[in-house]
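Visitor: for reference, the sequence and a predicted model appear below.
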Amino acid sequence: MPIRVVLAEDNYLVREGVRQLIDAQPELQVVAVCTDFDSLLAAVEEHKPDVVLTDIRMPPTGTDEGIRAAEHLRQVHPRIGVVILSQFSDPDYALALLQKGATGRAYLLKERVSDIDQLVTAIREVANGGSVIDPKVIEGLVAAKVRKPKSPLAELTPREHEVLALMAQGRNNAAIAAKLFLTERAVEKHINSIFSKLSLAEEKDTHRRVRAALLYLSEEKA
């Protein structure tokens, strides 16, 4: 069964370009195309898609309709993934999307649309409950971060580094287990150890996965 996608974008050229790119992928199917906030919500109710791919700004206000749609769907259809396409690399927009959890959420810059592999990966990840953040946005998130003299990542074992690197790619526990030839139980133990060493043990799982991934990526960029 293909991943069923509702596409919301008010710019005709962008909308048709993205639709054609998606329809060319055998694993994806565009079931509805929308141009504004209200028609997006209506299409979701009618088609019950696996993923919503939406512009961050659409009519009627042209401000944050994509973010608001994601928040609404989190409440009424929590299993539907959302990929936000945005022209804004300002981290505040991505943080607004992720503030109530990163599960099934992705934030990509529109310049990535032509990279069909990255777009397909984002759609697939959110359909499976994963999360993806555009690399440029991550750069913005870590730009103001003051590095500590000793990185907390130095406390991790080589295997924990491998697990964290795969987490930063948006992979879930099953995918990490398959990649490293481990059991899912072993992966869970490694992840819990990572959270403990990074002082993230008390946070919600979705939040700490994102925070751990961002910390890893910030150290890689630095």
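Guide: Done, it's in. Numbering: from 1, shown residues only.

Visitor: so what's Lys197 up against?
Guide: Listed by C-beta atoms under 8 Å, 6 or more residues apart in numbering, the contact partners of Lys197 are Pro152, Glu155, Leu156, Glu160. In this view, the C-beta of every residue, glycine as well, is placed from N, C-alpha and C.

Visitor: okay, who's weakest in those residues by pLDDT?
Guide: Per-residue confidence across the contacts of Lys197 is lowest for Pro152, with 75 (pLDDT).

Visitor: hang on, the earlier thing: among the contacts of Lys197, which lie within helices?
Guide: With helices identified by DSSP state H, the entries of the contacts of Lys197 that belong to them are Glu160.

Visitor: for the contacts of Lys197, which one is nearest Pro78?
Guide: The closest of those to Pro78 turns out to be Glu160 (C-beta to C-beta; 30.1 Å).

Visitor: distance of that closest one from Ala212?
Guide: 10 Å (C-beta to C-beta, to the nearest Å).

Visitor: any idea which element the closest residue to Leu164 other than its chain neighbours lies in?
Guide: If you skip the residues right next to it in sequence, Leu164 has Tyr216 as its closest partner in space, 5.0 Å away by C-beta to C-beta, 6 or more residues apart in numbering. For Tyr216, the element it lies in under DSSP states H and E is helix 205-221.

Visitor: let me see the mean pLDDT of that helix.
Guide: So the average pLDDT for helix 205-221 ends up being 74.

Visitor: show me the domain layout of the chain.
Guide: The chain resolves into domains spanning 3-135, 145-221 when parsed by automatic domain parsing.

Visitor: follow-up on the earlier one: next one: the helix holding Tyr216 to chain centre, how far?
Guide: In terms of C-alpha atoms, centre = their mean, to the nearest Å, the centre of helix 205-221 is found 13 Å from the chain centre.
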